[in-house]
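Colleague: only the shape, not the letters, is given here:
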């Protein structure tokens with residue numbers, strides 16, 4: 001049986017610690033390593049400081065078989081990754097003529113004058129492997145010593161990603177790891193993270209392979225399911241079996257797999273079923289229609305979106321009864337229902353959704369606080385309406401609007417499922 005390897009990623013750059021740059025390299029590397037069965041148990045971000053970098057590298061080499069660094073290979077004085085790694089491992093740096101030529105040709109092709117400090121990038125570890133960078137001047141490097149492997153990769157993602165795929169991944173695949181890691185993500189809407197865990201806690205505790213881990217995101221919950229097996233096919237089968245168990249437990253709250261957005265699912269599902277949708281919005285100001293029309297192919301399913309922000313527009317465009325607004329208010333179940341019915345009548349769509357609420361920061365009263373939203377969906381079967389209480393403070397206007405739009409899309413999906421089930425049943429007779 002082949003040895004199982006684990007890796008650690010060390011991202012180098014003070015700009016990462018300051019938050020000036022998002023560390024997308026760690027995400028890319030972790031996903032790529034998992035696909036070839038190499039586990040990543042730790043990630044470290046360290047600034048351009050020799051002592052702190054030595055500490056991070058020492059720790060990484062003590063607990064990982066493979067260490068991959070990103071950043072710090074450039075020509076300037078604060079690019080210290082290569083020098084620090086070689087100092088720690090006791091390996092001298094030598095000028096590599098092929099690398100020097102590569103750097104000189106890079107500047108010639110671009111018609112730029114090469115400054116002398118660029119020759120710093122032509123210094124490579126004695127006995128190491130140079131990984132030539134076709135998208136920049138700094139080459140990647142590979143060192144093997146004391147049963148450890150260190151890869152040093154440039155920081156810019158447009159350089160790191162192709163260099164990893166072309167040069168690093170083949171080397172790692174040659175290690176013949178005997179495990180493959182596969183992950184899929186279930187998208188859940190309408191249940192909080194704690195509620196999801198409460199429903200699945202026994203399943204999650206009992207599942208060690210595959211594992212199930214929940215994450216909260218913008219009013220949604222993601223369940224990441226990861227399996228380890230001898231082949232991708234075997235791991236995927238294990239995950240699919242777990243997805244079936246979770247879906248049978250959570251039912252309609254599961255709406256997608258692997259990052260599908262609510263609007264993406266709506267467009268694909270409505271198009272497949274030949275259904276159309278229309279929207280009537282007040283507090284969301286067209287956000288529901290915007291999210292739907294962001295998806296390619298949305299023209300097949302949506303033909304009408306009305307923003308009726310004022311009461312007059314609700315009355316004149318959607319046919320809301322003035323007495324309804326007078327008696328119950330613009331933010332009410334009754335108004336939401338009439339808005340949905342009105343836009344369905346205007347558009348002739350199969351399903352229509354409406355949103356009315358108080359996004360804040362002003363406009364709330366004790367009886368109707370900021371964050372109160374009503375959503376409704378109308379179809380030939382009738383109208384359903386939901387009351388939502390969104391946001392935790394008066395300063396979460398965009399959060400309220402986004403969650404209201406997500407809830408409206410989710411309601412349209414549920415009504416569409418019911419509509420389709422009734423239609424299929426009727427076709428059987």
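Modeller: Yes, it's here. Note that the structure is a prediction, hence the values are computed from the model and not measured.
Colleague: and the contacts of the helix or strand hosting residue 86?
Modeller: Per DSSP states H and E: residue 86 is located in helix 81-89. Helix 81-89 has contacts (Cβ atoms under 8 Å, 6 or more residues apart in numbering) with 12, 50, 53-54, 57-58, 61, 69, 71-73, 92-93, 123-125, 141, 143, 145, 150, 152. All C-beta atoms are positioned from the backbone trio N, CA, C, and that covers glycine.
Colleague: leaving out the residues flanking it, which one is nearest to residue 388?
Modeller: residue 373 (4.3 Å; Cβ to Cβ, 6 or more residues apart in numbering).
Colleague: now the helices for the stretch 201-350 of the chain?
Modeller: Remark: helices assigned in the stretch 201-350 of the chain by DSSP state H, counting those that start in this stretch are 232-250, 262-273, 287-293, 311-318, 322-328, 333-347.
Colleague: how about the third one: buried residues?
Modeller: By that I understand helix 287-293. Using 16 or more other Cβ atoms under 10 Å as the test for burial, helix 287-293 gives 287, 288, 289, 291, 292, 293.
Colleague: same check, this time on the last one
Modeller: Within helix 333-347, the residues scored as buried using 16+ other Cβ under 10 Å are 333-344, 346-347.
Colleague: give the next helix or strand downstream of that helix.
Modeller: Once the chain leaves helix 333-347, the next helix or strand it forms, by DSSP H and E, is strand 351-357.
Colleague: so the residue nearest to residue 388, which of the three states?
Modeller: At residue 373 the chain is in strand, as set by DSSP: H, G, I helix; E, B strand; the rest coil.
Colleague: same question, the one 4 residues further on
Modeller: Secondary structure for residue 377, judged by three-state DSSP, is strand.
Colleague: could you list the low-pLDDT ranges of this protein?
Modeller: Counting by pLDDT under 70, the ranges of the chain that qualify are 1-2, 176-177, 392-394, 426, 428-429.
Colleague: any idea how far the helix or strand that comes right after the helix holding residue 86 is from the chain center?
Modeller: Moving toward the C-terminus from helix 81-89, the next helix or strand (DSSP H and E) is strand 93-95. Between the centre of strand 93-95 and the centre of its chain there are 41 Å (Cα atoms, centre = their mean, to the nearest Å).
Colleague: got a list of contacts for strand 93-95?
Modeller: In contact with strand 93-95 (Cβ under 8 Å, 6+ apart) are residues 82, 83, 86, 119, 122, 123, 124, 125, 126.
Colleague: residue 6 reaches residue 38, doesn't it?
Modeller: Yes - in this structure residue 6 lies within contact range of residue 38 using Cβ atoms under 8 Å: 6.6 Å.
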